[in-house]
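[1] Pasting a predicted model and its sequence here:
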Amino acid sequence: MAKAAMIFPDDFLWGTATAAHQVEGNNQNNDWWRWEQEGGRILQNGRSGLACNWWQNAEADLDRAAEMGTNAHRLSLEWSRIEPEPAHFNEAALARYRDILLAMHARQIEPMVTLHHFSNPLWLTEKGDFNSDIVPDYFQRYTAKVVAYLGDLVPKWVPINEPMVYVFLRYLDKVFPAPSRGGMGGAMEALRQMLRCHAVAYHTIKAAYPGAQVGVAHNMAVLEARPGSSWAARRWAHWLGWLYNESWLDSLVDGRFHLPLSRGKVHNLAGTMDFVGINYYTRFYVKFPPVGGAIEHTWEPGAIISDGNYGEVYPAGLFQVIKRALKYNKPIYITENGVPDAADRLRPSFILTHLREIWRAISFNFPVMGYYHWTLVDNFEWDRGWTQRFGLIALDEQTQERQLRRSGQLYGEICHQRQINSEMAARYAPELLPVLFPGESPATAV
Ligand code: BGC
């Protein structure tokens, strides 16, 4: 009997995603490295150290990604390597990135490049950081250099990763390396400057490569009032959901600030989003009234929770955020999606159920063009150090040994076959068979 299958379009991109500081190792010249050395900042005093040793040997993991059958990878560049001192560019670092990008092309892996993913050169933090209105000029200069060296190899760009997460964790939660001017005022100013950075990067890239696609990697979460909440709590959750998920994107469309207490236009910002990249992980319940934080870290009974209380596994939310992104009328990529799960007890079904939501969206003719799983290999998870393992490949960071997880094997089968099917479900997550493929029995499926 034929197996039942959810088949993806031939040109769908099957990818993985990483960020420079999390994988390269020895990024000694940025604010994260300094933060790690201070001690007490990172869970279990973790340090990025050699990370996944990508600066020496990204190629070995790219081989693994190619074997898995992926044809896309999202990576970021480390500004502090490329411009270690203001206006002093390191040609060797640019050459190394060129090699890495060439290595991707050689393996038929299409790069998507992020210019800023949570880390800053130390000199930038000394010159005022994202609270300074000089930063867009610096960002423009950095982007211009990068585009001149690497632009011919990069079809897709993301200027800034997850601005909302970044300012939230940095200025308000202060679990990321924080500049002295924190608080709500600092966060809003940083978002304004980051919008300006996005605009200058967009135009710098497009001026050199009009055909390049420049978009976002925007964290979108389902933010809800707890079941049974008051009308006011639901209104509040609705507003917060818009602020978190849409205000930044709305600004890229019409060029205006949509942040509380910020009005006005940003020069050249309107129309600077060629695609919507969604980073989706989870659903949160919103605190009401919002005293001592905006979101709760407790879930309803029965919720499936990933390692370290990171969040709820909530695949339906991926469909919801895709629907939310439709209003922008642009191609959609899932630029990150994954789960911390060292034992790999959740990831096989996580992958199947989240990809099912994408397949459903595509079947409704929604323009979802690709999926980048976070992440290829366990890496340095910021303030949570090495305590959370998101990799399709497990890493022992001491010995640098790697082990393909079962979920990695599954993702490989999916990428090779460009589908999820009842046979995979029966083998990797039998409890899902009746959910994903009703009527298929393990015997007929396999
Ligand atoms: C970030 C990644 C991070 C991942 C998992 C995203 O918010 O872009 O850098 O590792 O979430 O927490």
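    Arrived safely, thanks for sending. Numbering: from 1, shown residues only.
[2] out of everything not next to it in sequence, what's closest to the residue sitting nearest the centre point of the chain?
    The centroid of the chain falls nearest to Glu336 when counting by Cα atoms, centre = their mean (4.0 Å). Spatial nearest neighbour of Glu336, excluding adjacent residues (Cβ to Cβ, 6 or more residues apart in numbering): Asn279 at 3.7 Å. Where C-beta positions appear, they are placed from N, C-alpha and C, glycine not excepted.
[3] Is the one you found bridged to anything, and to what?
    Asn219, Glu336 (DSSP bridges).
[4] mind checking pLDDT for it?
    Listed pLDDT for Asn279 reads 99.
[5] residues of stretch 42-59 that come out buried?
    Going by neighbour count (16 or more other Cβ atoms under 10 Å), the buried part of stretch 42-59 is Ile42, Gly46, Arg47, Ser48, Leu50, Ala51, Cys52, Asn53, Trp54, Trp55, Ala58, Glu59.
[6] what about the closest residue to the ligand within the stretch 1-150 of the chain, how many neighbours?
    Closest to the ligand within the stretch 1-150 of the chain is Ala19: 4.8 Å, counting by Cβ to the nearest ligand atom. For Ala19, the count of nearby residues is 25 (other Cβ atoms under 10 Å).
[7] do Ile160 as well
    Other residues close to Ile160 by other Cβ under 10 Å number 22.
[8] List, one by one, the residues from this structure near the ligand.
    Contact residues, the chain versus the ligand (Cβ under 6 Å from any ligand atom): Ala19, Asn161, Glu162, Val165, Asn219, Asn279, Glu336, Trp374, Glu381, Phe390.
[9] Just the ones of those in strands?
    Asn219, Asn279, Glu336 (DSSP state E).
[10] wouldn't the last one be in contact with Leu376 here?
    No. If you go by Cβ atoms under 8 Å, Glu336 and Leu376 don't touch, sitting 11.7 Å apart.
[11] who touches both of these two?
    Residues touching both Glu336 and Leu376 (Cβ atoms under 8 Å, 6 or more residues apart in numbering): Ala17.
[12] can you tell me which helix in this structure is longest?
    helix 183-208 (DSSP state H).
[13] quick one: buried residues of it?
    186-206.
[14] moving C-terminal of that helix, what's the next helix or strand?
    As assigned by DSSP states H and E, the chain's next helix or strand after helix 183-208 is strand 213-214.
[15] Not including adjacent chain positions, what is the nearest residue to the residue of the stretch 1-150 of the chain closest to the ligand?
    That would be His117: by Cβ to Cβ, 6+ apart, it lies 3.9 Å from Ala19.
[16] Can you give me the neighbour number for the one you found?
    The burial count for His117: 23, using other Cβ under 10 Å.
[17] before we move on, what about Ala303?
    13.
[18] Tell me which residues touch it, please.
    Contacts of Ala303 by Cβ under 8 Å, 6+ apart are Glu312, Val313, Tyr314.
[19] Then Trp382?
    So Trp382 contacts Gln22, Trp32, Ile42, Phe118, Leu169, Val175, Phe176 (Cβ under 8 Å, 6+ apart).
[20] And it, how close does it get to Gly49?
    14 Å (Cβ to Cβ, to the nearest Å).
[21] can you check Trp14 too?
    Taken as Cβ to Cβ, the span from Trp14 to Gly49 is 30 Å.
[22] which residues touch the closest residue to Leu404 other than its chain neighbours?
    Spatial nearest neighbour of Leu404, chain neighbours left out: Ile393 (5.5 Å); criterion: Cβ to Cβ, 6+ apart. Residues near Ile393 by Cβ under 8 Å, 6+ apart: Asp61, Arg64, Leu376, Val377, Asp378, Arg402, Gln403, Leu404, Arg405, Gly408.
[23] could those residues go into JSON lines alongside pLDDT, secondary structure and neighbour count?
    Below are the contacts of Ile393 laid out as JSON lines (pLDDT from 0 to 100; DSSP: H, G, I helix; E, B strand; the rest coil; neighbours: other Cβ atoms under 10 Å):
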{"residue": "Asp61", "pLDDT": "99", "secondary structure": "helix", "neighbour count": "22"}
{"residue": "Arg64", "pLDDT": "98", "secondary structure": "helix", "neighbour count": "19"}
{"residue": "Leu376", "pLDDT": "99", "secondary structure": "coil", "neighbour count": "29"}
{"residue": "Val377", "pLDDT": "98", "secondary structure": "strand", "neighbour count": "27"}
{"residue": "Asp378", "pLDDT": "99", "secondary structure": "coil", "neighbour count": "26"}
{"residue": "Arg402", "pLDDT": "98", "secondary structure": "strand", "neighbour count": "18"}
{"residue": "Gln403", "pLDDT": "98", "secondary structure": "strand", "neighbour count": "12"}
{"residue": "Leu404", "pLDDT": "98", "secondary structure": "strand", "neighbour count": "17"}
{"residue": "Arg405", "pLDDT": "98", "secondary structure": "coil", "neighbour count": "22"}
{"residue": "Gly408", "pLDDT": "99", "secondary structure": "helix", "neighbour count": "27"}
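[24] Closest one of the residues you listed to the ligand?
    Asp378 (10.5 Å).
[25] in terms of contact, does that closest one touch Gly391 like I think?
    Yes. Asp378 lies in contact with Gly391 (Cβ under 8 Å); the separation is 3.7 Å.
[26] For the closest residue to Glu67 other than its chain neighbours, which residues are in contact?
    What sits nearest to Glu67 in space, not counting adjacent residues and going by Cβ to Cβ, 6+ apart, is Gly412, at 7.1 Å. By Cβ under 8 Å, 6+ apart, Gly412 lies in contact with Glu67, Met68, Gly69.
[27] Can you get me a residue count around Asp99?
    For Asp99, using other Cβ under 10 Å, the count is 12.
[28] how far away is it from Gly308?
    Counting by Cβ to Cβ, the gap from Asp99 to Gly308 is 35 Å.
[29] From the ligand, how far out is the nearest residue to Phe168 once chain neighbours are set aside?
    The shortest distance from Phe168 to any non-neighbouring residue, by Cβ to Cβ, 6+ apart, is to Ala187 (7.2 Å). Distance, Ala187 to the ligand, by Cβ to the nearest ligand atom, to the nearest Å: 16 Å.
[30] so who does Ala187 touch?
    Counting by Cβ under 8 Å, 6+ apart, Ala187 has contacts Val167, Phe168, Arg170, Tyr171, Leu172.
[31] Which pLDDT value goes with it?
    92.
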